[in-house]
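J.: next comes the sequence, and after it the predicted model I'd like to discuss.
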Amino acid sequence: MSKTIVVALGGNAILQPNQEGTYENQLNNVRTSSKFLAKLVKEGYKVVVTHGNGPQVGNILRQNEEAKDVVPAMPLDVLNGESQGFIGYMMVQCLESELKALGMDVPVANLLTRVEVSKDDPDFNDPSKPIGTFYSEEEAKALMSEKKWDMKEDSNRGWRRVVPSPQPINILEAKTVRTLADAGNVVVASGGGGIPVIKGENGTYEGIEAVIDKDRSGYKLAEDVDADVFMILTDVDHVFVNFGKPNQKALEKISVEELENYVEEGQFSKGSMGPKVESALKFARKTGTSIICSLEKVDDSIRGESGTIISK
């Protein structure tokens, strides 16, 4: 039986920082990403892809704000579904094309995916997820006053709007994802962390305004579809400790216990590598192998020749 791998692709693999968010730019980035993802299918894996949407959903949100006097604005959960649709469309087009270039006639499916969260999650009271455009401090304060947005400084790169980012509880379409993957499809699912929904007293679901961290929902997706490997793609070849210091060290093959010790030391920033390490650790503890690596080293990493590889 082929092994199943869930791959979490960062939003910056679709739109680079400071890059204009045109369709052409995003399509070219997705096309580049798809060249590397197709290699995993060529290696014989059943592949499920999830992706970020921070730049995209932030831009759609801004469109809503700017045009609200002309076109009625939609809630954030609906905008997440919108971004799943257009990013998924690009990924289906590009992945099918790259697979055919490798001589493989493999169908690709994009699945609109809901993710259950708790209405009592503490992040609804203290929003933490940055989305959309970077602003100067002056611009941010004006937006906080004018639009009542929550704004925070993001990694010394400027100020951004922050929205609630609750923990994922359950991937509602997980069984469908697994059925599609087992049938030989490459599946794009839970894009942007999934559409956040809460469960009502009568057992039905309704949307709630939030953006779920894609690495956290990627872990939950990997767990719920019984994946063998959970791979998080980022813009560096390895996870580093003492990052940016003279004693900086790349982590290569590492045990869960060793990585947990580094987490306790506070080695990983909450705004960047922290959620990736947290999600990779959760999967490795419970299920199998986690890999954090760069997009360009996907095939090397799956063979154990690059990346940070975490196992029990």
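T.: That came through fine.

J.: what's the nearest residue to residue 176 if we skip its chain neighbours?
T.: What sits nearest to residue 176 in space, not counting adjacent residues and going by Cβ to Cβ, 6 or more residues apart in numbering, is residue 111, at 6.3 Å. (Each C-beta comes from the backbone N, C-alpha and C, glycine too.)

J.: wait, isn't the one you found in contact with residue 186?
T.: No - with contact defined as Cβ atoms under 8 Å, residue 111 and residue 186 do not form a contacting pair (11.2 Å).

J.: contact partners for the residue nearest to residue 74 when sequence neighbours are not counted?
T.: Among residues not flanking residue 74 along the chain, residue 64 sits closest, at 6.2 Å (Cβ to Cβ, 6+ apart). Contact analysis of residue 64 by Cβ atoms under 8 Å, 6 or more residues apart in numbering lists 73, 74, 79.

J.: which one (most neighbours) among those residues?
T.: residue 79 (25 neighbours; other Cβ atoms under 10 Å).

J.: that one and residue 282, how far apart?
T.: Plainly put, residue 79 is 28 Å away from residue 282 if you go by Cβ to Cβ, to the nearest Å.

J.: same thing with residue 289?
T.: 13 Å.

J.: swap in residue 15?
T.: For residue 15, the distance to residue 282 - Cβ to Cβ - is 27 Å.

J.: and the strands in the stretch 151-300 of the chain, which stretches?
T.: Ranges of strands within the stretch 151-300 of the chain are 151-153, 159-163, 170-171, 186-189, 195-199, 205-207, 229-234, 239-241, 249-251, 253-255, 289-294, based on DSSP state E, counting those that start in this stretch.

J.: so what touches the fourth one?
T.: Taking contacts as Cβ under 8 Å, 6+ apart, the residues outside strand 186-189 that touch it are 41, 47-51, 88, 91-92, 95, 99, 106-111, 113, 171, 173, 177, 180-181, 221.

J.: same thing but at 6 Å, please
T.: For strand 186-189, contacts defined as Cβ atoms under 6 Å, 6 or more residues apart in numbering pick out 47-50, 88, 91, 95, 106, 108-111, 113, 177, 180-181.

J.: more neighbours: which of residue 111 and residue 186?
T.: residue 186 (28 against 17).

J.: report the beta-bridge partners for that one.
T.: Beta-bridge partners for residue 186, by DSSP bridges, are residue 108.

J.: look up how far residue 71 lies from it.
T.: 35 Å.

J.: equivalent analysis for residue 126, please.
T.: 31 Å.

J.: same question for residue 149.
T.: With distances taken as Cβ to Cβ, residue 149 is found 20 Å from residue 71.

J.: tell me the domain ranges of this protein?
T.: 15-44+55-78+91-108, 228-311 (the TED database).

J.: of these, which is nearest residue 122?
T.: Of all these, domain 228-311 sits nearest to residue 122, with 14.1 Å by Cβ to Cβ.

J.: now do the closest one, average pLDDT.
T.: Over the span of domain 228-311, the pLDDT mean works out to 92.

J.: first-to-last residue distance for it?
T.: 11 Å (Cα to Cα, to the nearest Å).
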